[in-house]
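**Q** Have a look at this fold, sequence not included:
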């Protein structure tokens, strides 16, 4: 069976908390670890692509393109997916699948008209 290569993009829900004592330790666990475990349990080999090396406490490949507090962008914070997307894909050629979890940090943010176009 071929290796599945996943690209996980998003905010803190994607990057998670790596070590005991991390931010919001009781609840700040990425979906990536349980996701990889479930795929492996089904007999799949899973690998990841990403710009950040951040292992999850639940296991799984440590590479991820997750950024705590990131918005969809564009915005004035500079901490957004829009400003990073070209670099993310330049370093992640041909993933099998992309998991994108974004927008949570945009809920209370300033509305930008360009979001309607996305």
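**A** On my side now, so go ahead. Bear in mind the structure is a predicted one, so any value in this text is a computation, not a measurement.

**Q** Give me the buried stretch members for the longest strand belonging to the chain, please.
**A** Counting residues, the longest strand in the chain under DSSP state E turns out to be strand 3-10. Buried residues in strand 3-10, counted by 16 or more other CB atoms under 10 Å: 5, 6, 7, 8, 9, 10. Where C-beta positions appear, they are placed from N, C-alpha and C, glycine not excepted.

**Q** Could you list the low-pLDDT ranges of the chain?
**A** 17-28, 57-59, 108-118 (pLDDT under 70).

**Q** for the protein, longest helix please?
**A** Assignment by DSSP state H gives helix 32-41 as the longest helix of the chain.

**Q** what are the ranges of the strands in this protein?
**A** In the chain, the segments counted as strands under DSSP E are 3-10, 45-49, 52-53, 63-66, 97-101.

**Q** Reformat these as TSV; add distance to residue 83.
**A** TSV is the format used below for the strands of the chain (distance: least, CB to CB, whole Å):
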stretch	distance to residue 83
strand 3-10	13
strand 45-49	19
strand 52-53	15
strand 63-66	12
strand 97-101	15
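
**Q** Of these, which is nearest residue 88?
**A** strand 63-66 (4.7 Å; CB to CB).

**Q** ok, residues contacting the closest one?
**A** Residues from elsewhere that reach strand 63-66, judged by CB atoms under 8 Å, 6 or more residues apart in numbering: 7-16, 30, 32, 48-54, 84, 88, 92.

**Q** buried ones in the longest helix of the chain?
**A** 32, 33, 35, 36.

**Q** try stretch 81-99
**A** 81, 82, 84, 88, 89, 92, 95, 99.

**Q** Now do that stretch: distance to the chain's middle.
**A** Here the centre of stretch 81-99 is set off from its chain's centre by 10 Å, with CA atoms, centre = their mean, to the nearest Å.

**Q** Stretch 46-53 too?
**A** 9 Å.

**Q** hmm, back to that, nearest to residue 61 among the buried residues of strand 3-10?
**A** Set against residue 61, the nearest of these by CB to CB is residue 6 (7.9 Å).
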